[in-house]
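Enquirer: okay, predicted coordinates and the sequence, questions at the end:
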Amino acid sequence: MACRIGELVFGCRDPEALARFWCEVLDFQVVGREDDGSIEIGASDGFGGKQPTLFFSRRDEPEPGKSRLHIDLNATDRDQDAELERLLKLGARPADIGQTGDEQWHVLADPEGNEFCLLRARIEPIA
C-alpha cells in the first residue's frame, strides 16, 4: 500500500489573507478552521478528496532558511499569459531565483513570499 499527500502545510503570519489568495488561485474554499486561527482550504470534496488540501498555520516568524518545496501550477481554462495576468492581479509577484529568461514557466511569490511556478502546459480540470 502507498501513501498519498493529504495536505500541504504553510507556516504564515496571516493565515486568513493567504487562504483567501490561494482560494482565488485554485478555486478552493475554506474546509476547516481551528481555534488557533489556522485555516484549511481545498476543493469541494475537502480533506481526503481528489486533491490535497492546503493548511495555513499561524507562525509569527518565518522558518529559518529557504523553503525547499514549492507548488507548480498549470492553468485549466486559459493560456499561460492570461493566467499570469490573473495571478498578478490577485497579489502574486515575480520572483527571481536565477532564471535565464528562456524558461517555459514563470516563477512567482504569493503575498508572504512563498515561491511557486506557473507552467506553460494547460491541464484539464478535475471533474
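Expert: Noted; the coordinates are in hand.
Enquirer: how does this structure divide into domains?
Expert: The record's domain parsing of the chain by automatic domain parsing lists 1-60, 70-127.
Enquirer: which of those is buried the deepest?
Expert: domain 1-60 (a mean of 15; mean count of other Cβ atoms under 10 Å). Placement of C-beta: from N, CA and C, glycine included.
Enquirer: for that one, what is the average pLDDT?
Expert: For domain 1-60, the mean per-residue pLDDT is 92.
Enquirer: and for stretch 80-90?
Expert: Per-residue scores along stretch 80-90 average to 96.
Enquirer: same question, stretch 66-77
Expert: Rounded mean pLDDT across stretch 66-77 is 86.
Enquirer: and the most centrally placed residue in the chain, which of the three is it?
Expert: Centroid-nearest residue in the chain: residue 22, 5.3 Å away (criterion: Cα atoms, centre = their mean). Here residue 22 is recorded as helix under DSSP: H, G, I helix; E, B strand; the rest coil.
Enquirer: so it makes contact with residue 54?
Expert: Yes: using Cβ atoms under 8 Å, residue 22 is in contact with residue 54, at 5.6 Å.
Enquirer: list the residues that are in contact with both of the two.
Expert: 28, 41 (Cβ atoms under 8 Å, 6 or more residues apart in numbering).
Enquirer: give me the residues contacting stretch 9-20.
Expert: The contact list for stretch 9-20 (Cβ under 8 Å, 6+ apart) reads 30, 37-39, 41, 54-60, 62-63, 110-112, 114.
Enquirer: where does residue 86 sit, in terms of helix or strand?
Expert: Using DSSP states H and E, residue 86 sits within helix 80-90.
Enquirer: give me the distance between the helix or strand following that helix and the centre of its chain.
Expert: Counting by DSSP H and E, the next helix or strand C-terminal to helix 80-90 is strand 93-94. Chain-centre distance of strand 93-94: 14 Å, with Cα atoms, centre = their mean, to the nearest Å.
Enquirer: and residue 27, backbone torsions?
Expert: Note on residue 27: its backbone torsions stand at phi 60, psi 40 [degrees, to the nearest 10].
Enquirer: can you pull the contacts of it?
Expert: By Cβ under 8 Å, 6+ apart, the neighbours of residue 27 are residue 43.
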